[in-house]
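Q: Build me a structure from this.
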Amino acid sequence: MQPFTKITGVAAPLELANIDTDKIIPARYLRRLREPGYEKLAFHDIRYDADGKDRPDFVLNQAPYRQAKILVAGANFGCGSSREAAVYVLWDYGIRAVIAPSFGDIHYGNELQNGMLPVVLPDATCAKLRQQLRDKPGADIGVDLESQTVTGPDGTAYRFEIDPNAKERLLKGLDDIGLVMQYEKEIETFEAKHHRELPWLA
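A: The predicted model follows:
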């Protein structure tokens with residue numbers, strides 16, 4: 001996966017709490033292949049009306065936020081089912097970080113596993129950031145993983161916490177497979193020695 005170090009980009013305020021994974025990508029689309037156009041499924045049922053037309057009141061349909069790289073949401077983002085497609089569709093849309101007061105546990109882990117950064121900040125801070133984004137549509141937010149800071153549109157910096165192992169893996173771009181493959185030579189050496197000494201177990 002791609003390393004995550006820092007990003008500065010347009011942020012969109014999602015004035016919703018408890019955005020479950022079915023809102024991020026409805027279950028009926030889970031068999032859809034991940035191919036060009038997959039990003040159109042992001043938030044499908046709250047982004048489009050019954051005729052497939054943009055809902056003008058949905059934030060990502062509003063011109064200043066269409067190119068958002070960062071979302072600032074309410075509490076419990078990504079609750080519900082464990083579907084990893086909820087991360088795929090956000091990634092394909094262009095989202096690289098989500099800032100919220102809390103996350104569904106599995107979704108939080110899925111974001112980390114796929115190179116996205118879930119940032120937990122206090123509810124009051126998230127509300128303040130969303131207000132600034134509404135007051136100044138199209139404003140940027142900066143997210144720096146190395147220093148563990150979020151910089152709001154007004155220049156105020158907020159520190160966030162993240163597990164040191166998760167941080168290192170994101171900085172290096174290592175998913176579970178990549179983490180193991182760091183030790184490929186050691187694994188091959190062990191397997192060769194194991195085969196020589198205990199050939200009947202091969």
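
Q: quick one: low-confidence parts of this structure?
A: Counting by pLDDT under 70, the ranges of the chain that qualify are 176-194, 201-202.

Q: hey, where'd the strands end up in it?
A: Along the chain, the stretches classed as strands by DSSP state E are 6-13, 70-72, 97-100, 117-120, 140-144, 149-151, 157-159.

Q: For those strands, give me TSV that also has mean neighbour count and distance to Asp20.
A: To be clear about C-beta, it is placed using only N, CA and C from the backbone, and glycine gets the same treatment. Compiled in TSV, the strands of the chain are given as follows (neighbours: other C-beta atoms under 10 Å; distance: least, C-beta to C-beta, whole Å):
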stretch	mean neighbour count	distance to Asp20
strand 6-13	19	18
strand 70-72	26	15
strand 97-100	25	13
strand 117-120	22	15
strand 140-144	20	24
strand 149-151	19	24
strand 157-159	12	26
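
Q: Report the central residue of the protein.
A: Most central in the chain under C-alpha atoms, centre = their mean is Met116, positioned 3.8 Å from the mean C-alpha point.

Q: got a list of what that residue touches?
A: The contact partners of Met116, taken as C-beta atoms under 8 Å, 6 or more residues apart in numbering, are Phe4, Val87, Leu90, Trp91, Ile95, Arg96, Ala97, Val98.

Q: Tell me how far it lies from Thr125.
A: 20 Å (C-beta to C-beta, to the nearest Å).
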